[in-house]
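*Asks:* pasting the sequence and the predicted coordinates here, then a few questions.
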Amino acid sequence: MENKRIVEVMRALSLEAGDKIMEIYRRDDFEVRTKDDDSPVTEADEAADALISAGLRAAFPDIALVTEEQSDSHSVSADRFFIVDPLDGTKEFVHRRGDFTVNIALVENGTPVLGVVFAPAKNRLFYTDATGQTVEESRDGMIKPLHVSEANNDALIVVASKSHRDAATDTYINKYKVADSAAAGSSLKFCLVAAGEADLYPRLGRTMEWDTAAGHAVLLGAGGQVVRFDDHTPLTYGKPIYENPFFIALSPGVELKGA
């Protein structure tokens, strides 16, 4: 029963935050600042964060909360916690490319067990239901269960970062037999694998847990995996300062190559 309530609240908050983000996105201009780590932050990030944080704290005051935009939450240590990126893909937002998402996840004992990813500019909403099964819900309310593809290792479909792809990523991708490749921003890459629209997403660059937890939950709920790049063990959460190692998201049929 609690999982059902958590999913309902996360889904509703993601939609509300998405609407707030799109109000700002449609304006002729909006404020963009640079954070201490040189990444951009906009008033849309902050408005969405305030909305989501308030909603989660009001509904579930006993569950810890970690959110990108509140640095004091980055010292939280708990076995069970929400983790939020209110606007993942801020560069995509600033350049008006549409590939940005609202990410909310629940982590239990190192694993993201429930998650929602909403791409408001693309009208795509992905989330895990109360049982952990991933679905995609259309704007007219149609709900479609998702499952990863049966990967063909002689003709893989690979998705990589739109803003952070580099030579090391290309070198790794070239180890595979690739039939097609695509670029996507934010946590949408996890969702494309979950929806069977891609087989493999390698990330050889710095990410934080709030960047990945919701997409990771969505992929797990569709039968996929997210593993560390170095040893192919499952990617876990609640690490020091919430920083991830390099990782690979995939359909289980993919025959992984070594680093």
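*Replies:* That came through fine. Numbers count the residues shown, from 1 in each chain.
*Asks:* pull the contacting residues for G18.
*Replies:* A48, V102, F118, P120 (C-beta atoms under 8 Å, 6 or more residues apart in numbering). For every residue, glycine as well, the C-beta is placed using N, CA and C.
*Asks:* from the residues you listed, which is closest to E150?
*Replies:* Proximity of those to E150 (C-beta to C-beta) peaks at F118, which lies at 27.4 Å.
*Asks:* and the helix or strand containing the closest one, how far from the chain's centre?
*Replies:* Using DSSP states H and E, F118 sits within strand 111-119. How far strand 111-119 lies from its chain's middle: 7 Å, per C-alpha atoms, centre = their mean, to the nearest Å.
*Asks:* picking up where we left off before, between the contacts of G18, which is closest to I63?
*Replies:* V102 (18.4 Å).
*Asks:* neighbour-wise, which of the contacts of G18 leads?
*Replies:* Each of the contacts of G18 was scored for neighbours by other C-beta atoms under 10 Å, and V102 scores highest at 31 neighbours.
*Asks:* got TSV for the contacts of G18, with pLDDT and distance to L188 too?
*Replies:* Shown next, in TSV, are the contacts of G18 (pLDDT from 0 to 100; distance: C-beta to C-beta, whole Å):
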residue	pLDDT	distance to L188
A48	97	17
V102	98	11
F118	98	10
P120	97	12
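*Asks:* now do the contacts for the residue lying closest to L156 once chain neighbours are set aside.
*Replies:* Counting by C-beta to C-beta, 6 or more residues apart in numbering, L156 lies nearest to D199, which is 4.7 Å off, once chain neighbours are set aside. Applying C-beta under 8 Å, 6+ apart, one finds that D199 lies in contact with V148, S149, A151, N152, L156, I157, V158, V193, L250, S251, G253, V254.
*Asks:* buried members of the residues you listed into ChimeraX, please.
*Replies:* Restricted to buried positions by 16 or more other C-beta atoms under 10 Å, the ChimeraX selection for the contacts of D199 reads:
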select :148,149,151,156,157,158,193,250,251,254
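*Asks:* so where is this protein shaky, pLDDT-wise?
*Replies:* Within the chain, the segments meeting pLDDT under 70 span 163-164.
*Asks:* show me the helices in it, by range?
*Replies:* For the chain, applying DSSP state H gives helices covering 2-25, 43-59, 90-94, 167-173, 188-194, 209-221.
*Asks:* in stretch 119-129, what's buried?
*Replies:* Quick answer for stretch 119-129 (16+ other C-beta under 10 Å): A119, P120, A121, R124, L125, F126, Y127, T128, D129.
*Asks:* and the residues you listed, which two are furthest apart?
*Replies:* Longest distance between any two of these is 24.2 Å, between A121 and D129; criterion C-beta to C-beta.
*Asks:* mind listing what the closest residue to V148 other than its chain neighbours touches?
*Replies:* Of all residues not flanking V148 in the chain, S251 sits nearest, at 4.1 Å (C-beta to C-beta, 6+ apart). Counting by C-beta under 8 Å, 6+ apart, S251 touches V148, S149, E150, A151, V193, G196, D199, L200, G223, G224, Q225.
*Asks:* at 7 Å instead, please
*Replies:* V148, S149, A151, V193, D199, G224 (C-beta atoms under 7 Å, 6 or more residues apart in numbering).
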